[in-house]
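# Quick one, structure for this:
(one chain, ligands or ions: 2)
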Amino acid sequence: MSKDIDWGSLGFGYIPTEYRYVARFKDGKWDEGGLETTSTITLSECACVFQYCQACFEGLKAYYTEEGNIVCFRPDLNAKRMADSARRLEMPPFPEDRFVEAVKMVVAANKDYVPPYGSGATLYIRPFMIGTNSVIGVKPASEYEFRIFVTPVGPYFKGGVKPISITVSDFDRAAPHGTGNIKAGLNYAMSLHPLMEAHRAGFAENMYLDPETRTKVEETGGANFIFITKDGKLVTPKSDSILPSITRRSLLDVARDYLGMEVETREIPFTEVSDFAECGLCGTAAVISPVGHIYNHGEDIYFPSGMDEMGPCLKKLYDTLTGIQMGRIAPPEGWIYKIQ
Ligand code: PLP
Ligand code: COI
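Residues are numbered from 1 along each chain as shown. Ligands and ions are numbered 1, 2, ... in the order given. The predicted structure is shown next:
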């Protein structure tokens, strides 16, 4: 039985559910893993995750489809990206096939928390991995915990799909050493101060520019950028230091194959931004969140799509992507994993 939750008023927050999946790595191997009911973790004060922030994570979602199935969207790509993040952090990658099985297991166990079709809410799935044993000299842990919890969520930005204002940041999102293209705890810790600076100035997010020249568009703290040109082309930044968004990769295919749009992934000089017709943030949490306004050191860019609603091209992309995710539109082969 579905939980008694006011799905329509959910924001993007954490509600503990009954089950989480946990596997532990020790003596060079992962244990069998399985479902657990305790939502807390007890660790040494000297655990590597606390001292040297050895942590990475992923984010994906499960949905009820129109037909009443529970599905999730491209978990194989999250499995692969998490393994890439782990390798970059000298952590043992969690086997990709086991990752997908674990996602299915934990969603099925918490099926009562999957928001109903049409409620506007979804089940956010958060896999993560941490170095758990005590480490005081700088080196990787030898023991790890891989865990997946789930939590029902509403829109990432307050106001749902209403356009937001963002600001160009003077900070870099990524931690030093070019780790922007992995989902690691430290990347995000380094983005908290710039995020709060943006919030204190009245903006919902930051636009980060490339750290080397501060002239090219990179991404925000939790999503990639997509732009629409005045002649209806989808343009998205090319950069090695942004997170390879699964939503963005999917939208490029949706735009080309479902909507017949031209698509381009290339460097985007900030000076070009004011020429675009529409701007949006894309990601698992953000889905597509329209940007109406960008503030850049005393200068304002307002997109022609305005501050009231999503522009027409982003709307088509949004409707098609969410249509595929929620079973209203036939998906490309391999995008939708049925859980039950
Ligand atoms: N960029 C950053 C920094 C993110 O945190 C996210 C969210 O995961 C994304 C982009 C979007 O990635 P995805 O579409 O795979 O969720
Ligand atoms: C996601 O979209 O899954 C993210 O990780 C973004 C944010 C919640 C960090």
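
# how about residue 237, what does it touch?
216, 217, 218, 219, 224, 225, 265, 266, 267, 268 (C-beta atoms under 8 Å, 6 or more residues apart in numbering). Backbone N, C-alpha and C define where each C-beta goes, glycine included.

# What segments of the stretch 1-150 of the chain are helices?
48-52, 75-88, 96-109 (DSSP state H, counting those that start in this stretch).

# The last one close to ligand 2?
Which is helix 96-109. No: using C-beta under 6 Å from any ligand atom, helix 96-109 stays clear of ligand 2, coming no nearer than 13.2 Å.

# cool, and the second one?
No: for helix 75-88 and ligand 2, the contact criterion (C-beta under 6 Å from any ligand atom) is not met; the two come no nearer than 8.9 Å.

# How far does that helix sit from its chain's centre?
13 Å (C-alpha atoms, centre = their mean, to the nearest Å).

# Only the C-alpha atoms, please, for it, written as PDB.
Extracted in PDB, the C-alpha atoms of helix 75-88 (Å, rounded to 0.1, in the frame of the first residue of the first chain):
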ATOM      1  CA  PRO A  75      20.700   2.600 -14.300                       C
ATOM      2  CA  ASP A  76      23.500   1.000 -16.300                       C
ATOM      3  CA  LEU A  77      24.900   4.400 -17.100                       C
ATOM      4  CA  ASN A  78      24.900   5.300 -13.400                       C
ATOM      5  CA  ALA A  79      26.700   2.000 -12.700                       C
ATOM      6  CA  LYS A  80      29.400   2.800 -15.100                       C
ATOM      7  CA  ARG A  81      29.800   6.400 -14.100                       C
ATOM      8  CA  MET A  82      30.100   5.400 -10.400                       C
ATOM      9  CA  ALA A  83      32.700   2.800 -11.300                       C
ATOM     10  CA  ASP A  84      34.600   5.600 -13.100                       C
ATOM     11  CA  SER A  85      34.300   7.900 -10.100                       C
ATOM     12  CA  ALA A  86      35.500   5.000  -7.800                       C
ATOM     13  CA  ARG A  87      38.600   4.300 -10.000                       C
ATOM     14  CA  ARG A  88      39.500   8.000  -9.900                       C
END
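
# Any buried residues in the longest helix along the chain, and which?
Counting residues, the longest helix found in the chain (DSSP state H) is helix 185-200. For helix 185-200, a neighbour-count test (16 or more other C-beta atoms under 10 Å) marks 185, 186, 187, 188, 190, 191, 194, 195, 198 as buried.

# ok, the contacts of residue 237 vs ligand 2, which is closest?
residue 224 (9.8 Å; C-beta to the nearest ligand atom).

# elements contacting the lowest-mean-pLDDT helix or strand in the chain?
Least confident helix or strand of the chain, by mean pLDDT, DSSP states H and E, is helix 185-200 with a mean of 93. In terms of contacts (3 or more C-beta pairs under 8 Å, 6 or more residues apart in numbering; DSSP states H and E), helix 185-200 is packed against strand 55-57, strand 205-207.

# ok, it near ligand 1 or not?
No: Helix 185-200 does not reach ligand 1 (C-beta under 6 Å from any ligand atom); its nearest approach is 7.2 Å.

# Also stretch 42-56?
No: on the criterion C-beta under 6 Å from any ligand atom, stretch 42-56 is out of touch with ligand 1, staying 11.6 Å away.

# residues near whichever residue of the stretch 1-150 of the chain sits closest to ligand 1, how many?
Proximity of the stretch 1-150 of the chain to ligand 1 (C-beta to the nearest ligand atom) peaks at residue 59, 4.7 Å away. Using other C-beta atoms under 10 Å, residue 59 has 16 other residues around it.

# what do you get for residue 290?
Applying other C-beta under 10 Å, I find that residue 290 has 24 neighbouring residues.

# What parts of the stretch 201-340 of the chain come near ligand 1?
219, 222, 223, 224, 243, 245, 246, 247, 248, 283, 284.

# now the buried residues of helix 185-200 as JSON lines including distance to residue 96?
Below are the buried residues of helix 185-200 laid out as JSON lines (distance: C-beta to C-beta, whole Å):
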{"residue": "185", "distance to residue 96": "21"}
{"residue": "186", "distance to residue 96": "23"}
{"residue": "187", "distance to residue 96": "22"}
{"residue": "188", "distance to residue 96": "23"}
{"residue": "190", "distance to residue 96": "28"}
{"residue": "191", "distance to residue 96": "27"}
{"residue": "194", "distance to residue 96": "32"}
{"residue": "195", "distance to residue 96": "31"}
{"residue": "198", "distance to residue 96": "35"}
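
# List the contacts of the residue of the chain found nearest ligand 2.
Of all residues in the chain, residue 59 sits closest to ligand 2, at 2.1 Å by C-beta to the nearest ligand atom. Applying C-beta under 8 Å, 6+ apart, we find residue 59 in contact with 78, 124, 125, 126, 183, 283, 284, 285.

# Close to ligand 2: what parts of the protein are there?
Residues of the chain that fall close to ligand 2, judged by C-beta under 6 Å from any ligand atom: 59, 222, 283, 284, 285.
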